[in-house]
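In: Okay, sequence plus prediction incoming.
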Number of protein chains: 2
Amino acid sequence: MKLFGYNGRILRVNLTNRTTSVETPDEKFYRTYLGGAGFVAYYLTKELKPDVDPLSPDNKLIFAAGPLTGIPLSGSGRHCIGAKSPLGNQIAKSEIGGFWGAEFMHAGYDAIVFDGKADKPVYLWIKDGEVQIKDASHLWGKPTKETQETLRAELGDNRIRVASIGPAGENLVRFACVINDLTEAAGRGGTGAVMGSKNLKAIAVRGTKPPAIAKPDELSQFRQWLTDNSLLWSGMHEFGTGFAMESYVTIGNTPIRNFRDGEFPNIKDITAITLKNTIRVGMEGCYGCIVRCKKIVKVDEPGMQIDPAYGGPEYEGLAALGNTCGVDNLKAICKANERCNAYSLDCISTGVSIAFAMECYEAGLLTSKDTGGIDLRFGNKEAMLQAVELIARREGIGDLLAEGVKASAEKIGKGSEKFAMHVKGLEVPMHDPRCKAGLGLGYIVNPHGADHCANLMDTNYAAPSPNLDELHPFGILEPLPPTEISPKKVQMMHYYRLGRLLGDCLVLCLFTPWRISQFPEMVKVVTGWDTGMVEMFKCTERMLALAQIFDIKQGLNPGADDLPDRFFTGRVGGPAAAKKVDREKLNKARDYYFRLMGWDAKGVPTPETLEALDIAWATTK
Amino acid sequence: MKLFGYNGRILRVNLTNRTTSVETPDEKFYRTYLGGAGFVAYYLTKELKPDVDPLSPDNKLIFAAGPLTGIPLSGSGRHCIGAKSPLGNQIAKSEIGGFWGAEFMHAGYDAIVFDGKADKPVYLWIKDGEVQIKDASHLWGKPTKETQETLRAELGDNRIRVASIGPAGENLVRFACVINDLTEAAGRGGTGAVMGSKNLKAIAVRGTKPPAIAKPDELSQFRQWLTDNSLLWSGMHEFGTGFAMESYVTIGNTPIRNFRDGEFPNIKDITAITLKNTIRVGMEGCYGCIVRCKKIVKVDEPGMQIDPAYGGPEYEGLAALGNTCGVDNLKAICKANERCNAYSLDCISTGVSIAFAMECYEAGLLTSKDTGGIDLRFGNKEAMLQAVELIARREGIGDLLAEGVKASAEKIGKGSEKFAMHVKGLEVPMHDPRCKAGLGLGYIVNPHGADHCANLMDTNYAAPSPNLDELHPFGILEPLPPTEISPKKVQMMHYYRLGRLLGDCLVLCLFTPWRISQFPEMVKVVTGWDTGMVEMFKCTERMLALAQIFDIKQGLNPGADDLPDRFFTGRVGGPAAAKKVDREKLNKARDYYFRLMGWDAKGVPTPETLEALDIAWATTK
């Protein structure tokens, strides 16, 4: 039976032996696990032994596209990268845009599973199905831009797409990420450190043969819909993320000084609106996308040059390196963001780790001796920029912070844990559960840790809005207050999570305003399957059950995860000072969410659930 | 806001006061409860006090159409009738075809809720919105045909559609049904007895103004689909139900001598195939339906005349009055079926009650003195026909049997309970859980009792087949053996129940082979709502939760219902002698089903489930 929407080929790379092989799963495999986050959950849960050290050769690193990757449709330029996370031993997965995913899909594979560790630095070169493991000694130590330029030059094709790590990945910074196209990051969870631990510097791809689409003509209906609904993405098109930061201070959504404070008068100086009016020189887009939400920033000042090749900051970068660190200087923030892309650092974890250090420093838990003389107080932009460099190089205080806030706090002790903003070791992103109760629930039940992308619904659906319309097909017709944490909110959050995480399996962009209810239709058109929302949601439930089983198998107790204490109290000052998470309601909401998922009270998927999801093979042993 | 697909008017009739009034619910009400079985569950659970005697004026009787009733599409000629059941005090609902529902919908109302009891026999006359309560003394005692003829004559319009009871309903036979168009029965649960207890003989309707449809042109896609897929209904078109009875003996699906035996050599003499080749004189259809699966039977023999106005037997009638009673004479079966329609008797409960009496008689628990000299042994066709008459008139042994098998066994005692084939007091229909394990689970978890329509999936989806295709959009891609009762079977049964019971809310025919996945599209086209499968399934879950709450409120313990003991053992002889239900697996399956529904281990919907379904108002007090 001809397979549509997939290549039907999974690439296996054993770096220890420097061998490659190809698996050709049947259609049922694809329909069961879909792709992206689904493949990541499948391979890691199926194949990783218990108690694997994430930075040992026993960890696996997975690059996974999905049926929508690289199709001629906005939002399709994405894939997913996964591994056991070196931050908290949980399952890590992170989606990434740009052009690499589409190029990879067109090169003849649906995913790569890396095992083992090369004895010396290597890179992988894939050209229309042909695979080579090549020496990368000359690339080691190079930032991502030099890596890409060198590879394009030596392979003789400027259309090659490169995913690589920079020095941070090589140096095993636990929140190092993978960068492709210089501007794109698979930020969360430390997959770049895993890549570094395998001595894998880069994957260069060139592909010219997209998988066949079952009903290619029917894609035009979606393109037309997006054109007809430009109001849903015009803001993103004009500003990119980060245009609402002023209102975020008002409602209490954006972290200020490590989530401690509530006031940040200069927020207007660092928003995407100000960015547009000052140092932004253009906007670009990912593969085939009409939205074009990617900022390009250029600064030519002596001592503060920003290379436009690295793009510009998303909201997460602006807030993590800005207000979270108390920094209100836009150029410094953009420079730090540029360095994150050059070194392959997750800008969220980087910012939160520096903010953690700043709070420790101000509280006297870290001293000037610890920081090597850096005056690491909130708002010191030079200190923030220095810290980024030290983290990437694992030098001085950077060597400590490169462990992530969870491990750093354990090393520092002295009560510093209360400043460590993480769930499952993953630093909390730039959305605050104190003003978005469903988000907080999402953080603690998520097998991957504190991930905002799957849980961003509280404000979206808080008032009658085009966003709420998205949930109408799910019978959610009325808005719910963002701070409400009721069974109805849990239900809303359940559907939203199933939908958005389905997007992570397919793989489809969150910023192209596709409606969740369109996903099954897209899958039908691309794969030819007679599917529907119920099956698609079941695929997400399967992915999540596998991820949860993974965490348990690796020795975690994911059903008992909690938010940082800070979220259960208010913050200092500001218009949202009084907002806080109600612990009792949160716990009840978690209980209900587990029941909706078919998990027991401890968050363990029941045997019946696993059997009904066709993954009875998944065991915690 | 203009409402599409509904009239927006609910008719209230207080028979005690002889007053009528009209309620005009808002769109949210309609989108929440949909119609049909949904309206029945809403009004009964919301309004009926605890511990109401089903045959007292405190019971309510509900006639409810749905958004698909009376639209120009095959399968839309149906509505639902509900009340508290006089058989087991559980919620009763039963769907019925023909033309009455469409005519009613076109007359300007979506449902009627009857309260109280008229002091003398009355009928209701609705003509394009105008309502009159009229004297029916002259109709009392008349069979359904004479009732219809009299009403059409006195109201002066042959296009009037009549729903009425015959003598069985008047005599409060607990399994009396409501008949419309003479050939159609809302068979299950005893709504005809409730109608009789209210002195309500009939409802005559005439309507010429269908509700507006949001996108009428888009209905053509469904008509085209049905034309293109004629193979899915050609068997039903040619034979109607009952063409597979020979194979049913082989697999053990059709009851033989009160579910006791396994062999019935003459089965071929009483199937729909034989019927077609002998006494069938034609086929007719319901409102707007292309399938036309309704048999017309005519016999002119002296002493065995069968009036074609009453149609002919469905499979349920053939089997209940035939092999269940050991009767292999086709004319006698058709005659008994004709009498059921004339007297307003549910042919299933009638047959099973007579079979119960026959087994009691053969076992010596009933004697010739009890039967008034009738030799009530299995296979005695004259005895079967006599029993039908006695039940309808509540004379002799008929007065006992008119109570249903549950109450009859309680009165007879002496171990006769083991011959009483019922769940929740509702006699078991003509599908045997010993060969269809999911069906058995459906019988015991169904708030309405042993209803086959919502649970007929085991054999449908047992092998790769066009039927299995229906479940592909739900991710069920592989057949499951009919006797399997695993989590996967429970999941299959859950989806099938949600889908088919959604059809009972909409209201749509089970025998027109619409796919469950088409239902949300139909609702979109008719109502204009931006809905989808998830919301529609939630509507079914809401209906079922309300029905379950109803049962609990009325003093039942529906979570503890069990199959008759006989199903846990084999049967006597025949090819399926060894098949039986595994009690332990059934109980585990029930536990899992309750969890899928968001009900606790005792089958009580949890507060979180009720709140998420927007029915926190539903309490068991």
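Out: Looks like it came in fine. Numbers count the residues shown, from 1 in each chain, chains lettered A, B, ... in the order given.

In: Checking A:Asn266 next. Helix, strand or coil?
Out: helix (DSSP: H, G, I helix; E, B strand; the rest coil).

In: show me what contacts the nearest residue to it once chain neighbours are set aside?
Out: Using Cβ to Cβ, 6 or more residues apart in numbering or on different chains and skipping the chain neighbours, the partner closest in space to A:Asn266 is A:Asp328 (3.8 Å). In short, each C-beta sits where N, CA and C put it, glycine included. Counting by Cβ atoms under 8 Å, 6 or more residues apart in numbering or on different chains, A:Asp328 touches A:264, A:266-267, A:269-270, A:322, A:379.

In: Which strands and helices lie in contact with the worst-scoring helix or strand of chain A on mean pLDDT?
Out: Sorting the helices and strands of chain A by mean pLDDT, DSSP states H and E puts helix A:466-471 at the bottom, at a mean of 90. Judged by 3 or more Cβ pairs under 8 Å, 6 or more residues apart in numbering or on different chains; DSSP states H and E, helix A:466-471 is in contact with helix A:487-506.

In: May I see the buried residues of the helix it packs on?
Out: The neighbour-count check on helix A:487-506 (16 or more other Cβ atoms under 10 Å in any protein chain shown) flags A:487-506 as buried.

In: and after that helix, which helix or strand comes next?
Out: Per DSSP states H and E, the first helix or strand lying C-terminal to helix A:487-506 is helix A:519-527.

In: any idea of the angle that following helix forms with helix A:487-506?
Out: Using axes from the mean of the first three to the mean of the last three Cα atoms, to 10 degrees, the inter-axis angle of helix A:519-527 relative to helix A:487-506 is 10 degrees.

In: could you point out which element follows helix A:519-527?
Out: Per DSSP H and E, helix A:519-527 leads on to helix A:533-553 as the next helix or strand towards the C-terminus.

In: which parts of stretch A:296-308 are buried?
Out: A:296-299, A:306-308.

In: same thing with stretch A:591-606?
Out: Quick answer for stretch A:591-606 (16+ other Cβ under 10 Å): A:592-599, A:603-606.

In: now do stretch A:462-469
Out: A:462, A:467-468.

In: Quote the end-to-end distance of that stretch.
Out: 11 Å (Cα to Cα, to the nearest Å).

In: Please give me every residue in contact with A:Asn341.
Out: A:144, A:179, A:182-183, A:185, A:310-311.

In: Just the closest of the residues you listed to chain B, please.
Out: The closest of these to chain B turns out to be A:Ala185 (Cβ to the nearest Cβ; 32.9 Å).

In: per-domain residue ranges of chain A.
Out: Chain A breaks down into these domains under automatic domain parsing: A:10-206, A:242-427, A:437-612.

In: Minimum distance to B:Glu238: which of these has it?
Out: Closest approach to B:Glu238 among the domains of chain A is made by domain A:437-612 (27.3 Å; Cβ to Cβ).

In: got the end-to-end distance for that closest one?
Out: Start-to-end, domain A:437-612 (Cα to Cα) is 31 Å.

In: again, but for stretch A:391-403
Out: 9 Å.

In: quick one: contacts of it?
Out: A:166-168, A:171-175, A:339, A:343, A:345, A:350, A:353-354, A:356-357, A:366, A:370-372, A:374, A:376, A:387, A:389-390, A:408, A:411-412.

In: again, only using 7 Å
Out: A:167-168, A:171, A:173-174, A:343, A:345, A:350, A:353-354, A:357, A:370-372, A:374, A:387, A:390, A:408, A:411 (Cβ atoms under 7 Å, 6 or more residues apart in numbering or on different chains).

In: Can you tell me which of these end up in helices?
Out: Judged by DSSP state H, helices contain the following of these: A:167-168, A:343, A:350, A:353-354, A:357, A:387, A:390, A:408, A:411.

In: now that we have the contacts of A:Asn341, which one has the most neighbours?
Out: The most crowded member of the contacts of A:Asn341, judged by other Cβ atoms under 10 Å in any protein chain shown, is A:Ile179 (35 neighbours).
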